[in-house]
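Peer 1: need the 3D shape of this:
(2 chains)
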Amino acid sequence: MKDKFSTTSQLELTRRTMLRAAGGLAGAAALTSLPGMSGVAQAATATVNGYGVTTAQLKDWSVMTDSIGVEMDFAGTNNSVGVFLRDVVASQLGDEVDIFIFESGTEDILGPQGVYLPIDESHPELSLWERTSDDWKRSAVVQDPDGNQWGVPVIGNADSFGYFPDKLGVDADSDEEISWSVMFEDDNTRGRVAYDQTWTYSLGPAALYLQGKGDATFGDIANLTRDEAKMVVDFLIERKKAGQFRTLHSAFEEQVQLLANKEVDVINCWEPAVREANLKLGDGATKYAYTKEGYFKWGHGAYIASQAKDRDNLDQIYKVLNYFLGGEYRALQARDRGYAGPNMDLGVAYAEEQGWSEEEIAALKATEAKVNRKFAKPYVSTTTPSNADVMEEEWQRFLNA
Amino acid sequence: MSAALKAEAGSPAGTTRWTGGLAAMSGRNWVVPGFLVIWTLIVIVPLVVLFSYSFFETKHFQTVYDPSFDTWISLFQSGRFEVTLRSLRIALTVTAIELLIGYPFALWLAKGGTTKTTKAVVLALLTIPFFLDLSSRTIIWRAILGQNGLVNSILTGTNLIDAPIEWMLYTEVSVHFGMIIAFFPTMVLPVYLAINVIDEALIEASEDLGATPFQTLKNVIFPLSLPGVLAGIVFTLGPALAAWVEPSMLGGGFVNLLSNSIESAYTALKYPVVAALSTFIILLLAVLLIIMLLIARRFGDLSSTFRVLKS
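Peer 2: Next up, the predicted model:
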């Protein structure tokens, strides 16, 4: 999930957050402008300081305060793992921040380095931990490769591609699985495809497709070796030269625009982009695919800053982590962004209790079913593959070809 | 004409209190060493640090402080160095086109018999875009140049063409186009200022001596406006090299320029690659600048470039 141009709306990236995150001064700027940073120890206040991706934010944190009596002071970062790692380590953000929220991967580096505090699974405030399914709580999003528990799952989704059913000749009402070949090799879609410009988001699905086709096998699609990355890139260069891609996009707004203007028929995008496009084109004009080969599965984890162990608001921190596993957060996130997460059933129960409309409850249930179906297929992405340097380098060949 | 220049013209010895003061200041022996120390600290030292970083590597988001040429080798193997050449080529092309269309425009604006009102309006129109966000200004072109965009709709709607033109967007052509629009003011304004301060008497004298308009332009106006031209080139070339909004939004990912490549390297925290790329482009720029200085020396003093800007 890379999004360098976003200045608006759907992810509620405020302009200031973007500017703050955009420049080379991001670290320093973020530090000086984080709200609620008095430099005074947190004492026993019921405030928890959060720092991380804005996708994890509630539209209104006061809902949470009403429920669990803890206030959240949240500062957003952008989606660049480079910016995030640098801010957290170089600026020692943990001195001020209690909870970090980011896409999977940072825990593999920052966990063993001692920047994150291991999760105390038996903490009394973490009452929903027990009932949370292993699919979520034991995933690579919140554990390192050695199985250490560094985080609590917050939200997640299985990303594929958006498409126009009529252009692909697919029944608009069916949820049949479509092959990623429409993205890479289909003659009908040649020149009508938009592919994401970032290696973190685009290298994996191409490998997944080649594997599904039986052309190659990979040790770990999320972490390609140099030879594996080279093979995938060679394939993509060949397709690029064949004119398969109309454009390579790099921002959420671009995804929406490309669909809404019908500039392309297929695009590997975020699911909310399809929702946005349909707001303009009418319901069902574009769909988000169920695929044959698999998905770019991602998740956000919440991690505790190691410095927090000496603070006396650790109970409040665990209350917030527990809240992320609960029904209210689940239901609101699913309704407002279409993203799923652990304990979907609690979300449905919450919606029923709160008297949400039948339609909204049905949508929640559909989200749960959708995610269960999609999560059964490979592969879990990471922002920090250990081969990142060679993967990025190979990707440059694709961009320069 | 500024007050300083008027004062200068009016003073018989060609010096004023202001320039005399400056001369006295530079006469003091701390000014030059002081400047050199500050310059070294804020410019040279960071550059040396940057350069030395290019001999390290990044493995798994951590810099490995083990000096080698690996980063430089990878720069050439991945075709990344092409990014610098491509950036330079596009920036130079854009600058040249700006000069070709900007110079006649500036000439017309300054000496074309335009009224004060026209000048004020045109200058306002040139500067207003600076206050708008570049991304918003650029992204609009996608709705105009796209396959289903305004231009194609009109052309296909009027049966002038059968199929939509594809090269108008997501190509180097569209990137050039976007940059030419964005950097027009940075070329025109300095050139305009330079031409504007040329004394009418000189032009009239040239005509009185029987020069054709072209000869006047070639022998009087152009040499006198050269400081403005150089300033325009510097102000256009620099930002054009660093451009990232236009290549990203109008290049559709197919025009990989310096800024995009650095951005990508950053996603893997590859500071050494960023350092090597930056070093490479600084070297190229230094060569260019030396060439420009050599050319400029033929026509006179480069420091007059900045005197124009003062007026």
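Peer 1: what residues are up against B:Ile181?
Peer 2: Each residue near B:Ile181 by Cβ atoms under 8 Å, 6 or more residues apart in numbering or on different chains is listed here: B:Arg137. For every residue, glycine as well, the C-beta is placed using N, CA and C.
Peer 1: for the longest helix along chain B, buried residues please.
Peer 2: Looking across chain B with DSSP state H, the single longest helix is helix B:80-111. In terms of neighbour count (16 or more other Cβ atoms under 10 Å in any protein chain shown), helix B:80-111 has its buried residues at B:80-84, B:86-88, B:90-92, B:94-95, B:97-99, B:102-103, B:105-107, B:109-111.
Peer 1: got it, and stretch A:394-401?
Peer 2: A:394-400.
Peer 1: quick one: low-confidence ranges for chain A?
Peer 2: Applying pLDDT under 70 to chain A flags residues A:1-45.
Peer 1: repeat that with 80
Peer 2: Where chain A drops to pLDDT under 80, the residues are A:1-45, A:78-79, A:337-338.
Peer 1: just give the nearest non-adjacent residue to whichever residue of it sits closest to chain B, would you?
Peer 2: For chain A and chain B, the shortest gap (Cβ to the nearest Cβ) falls at A:Leu248, measuring 2.3 Å. Among residues not flanking A:Leu248 along the chain, B:Gly253 sits closest, at 2.3 Å (Cβ to Cβ, 6 or more residues apart in numbering or on different chains).
Peer 1: quick check, pLDDT for B:Ala286.
Peer 2: Note for B:Ala286: predicted pLDDT of 86.
Peer 1: near chain B, which residues of the stretch 301-401 of chain A?
Peer 2: Within the stretch 301-401 of chain A, the positions adjacent to chain B are A:384, A:386, A:388-389, A:391-397, A:399-401 by Cβ under 8 Å from any Cβ of the partner chain.
Peer 1: how much space separates the residue of chain A closest to chain B from B:Ile144?
Peer 2: 20 Å (Cβ to Cβ, to the nearest Å).
Peer 1: same check, this time on B:Ile44
Peer 2: 45 Å.
Peer 1: thinking again about what came up before, tell me, which of the buried residues of helix B:80-111 make contact with chain A?
Peer 2: Of these, the ones that also sit near chain A (Cβ under 8 Å from any Cβ) are B:80, B:82-83.
Peer 1: on that earlier part again, tell me which of A:Leu248 and B:Ile144 has more neighbours.
Peer 2: Taking neighbours as other Cβ atoms under 10 Å in any protein chain shown, A:Leu248 and B:Ile144 compare with A:Leu248 leading, 24 against 13.
Peer 1: OK, contacts around residue 261?
Peer 2: Since no chain was named, I'll use chain A. B:142-143, B:146, B:148-149.
Peer 1: let's do chain B instead
Peer 2: By Cβ under 8 Å, 6+ apart, the neighbours of B:Ser261 are A:396, A:399, B:80, B:83, B:277.
Peer 1: what do you get if the cut-off is 10 Å, keeping everything else the same?
Peer 2: Shown in contact with B:Ser261 (Cβ atoms under 10 Å, 6 or more residues apart in numbering or on different chains): A:396, A:399-400, B:75, B:78-84, B:86-87, B:244, B:273-274, B:277.
Peer 1: now A:Gly151
Peer 2: So A:Gly151 contacts A:99-102, A:104, A:106-107, A:111, A:116-119, A:137, A:139, A:141-144, A:299-304, A:321, A:324 (Cβ under 10 Å, 6+ apart).
Peer 1: so of the residues of the stretch 301-401 of chain A next to chain B, which ones are in helices?
Peer 2: A:388-389, A:391-397, A:399-400.
Peer 1: quickly note the distance from the closest residue to A:Ala206 other than its chain neighbours to B:Val220.
Peer 2: Spatial nearest neighbour of A:Ala206, chain neighbours left out: A:Val232 (5.1 Å); criterion: Cβ to Cβ, 6+ apart. Distance of A:Val232 to B:Val220, computed by Cβ to Cβ: 62 Å.
Peer 1: please enumerate the strands of the stretch 51-200 of chain B.
Peer 2: Ranges of strands within the stretch 51-200 of chain B are B:57-59, B:62-64, based on DSSP state E, counting those that start in this stretch.
Peer 1: can you count the residues close to B:Leu293?
Peer 2: 11.
Peer 1: now do the contacts for the residue of chain B found nearest chain A.
Peer 2: As assessed by Cβ to the nearest Cβ, chain A sits closest to B:Gly253 within chain B, at 2.3 Å. Shown in contact with B:Gly253 (Cβ under 10 Å, 6+ apart): A:194-198, A:240, A:245-250, A:254, A:398-399, B:170, B:247, B:260.
Peer 1: quick one: B:Pro190 from B:Val234, how far?
Peer 2: Taken as Cβ to Cβ, the span from B:Pro190 to B:Val234 is 9 Å.
Peer 1: looking at the two, which is more packed in?
Peer 2: B:Pro190 (26 against 16).
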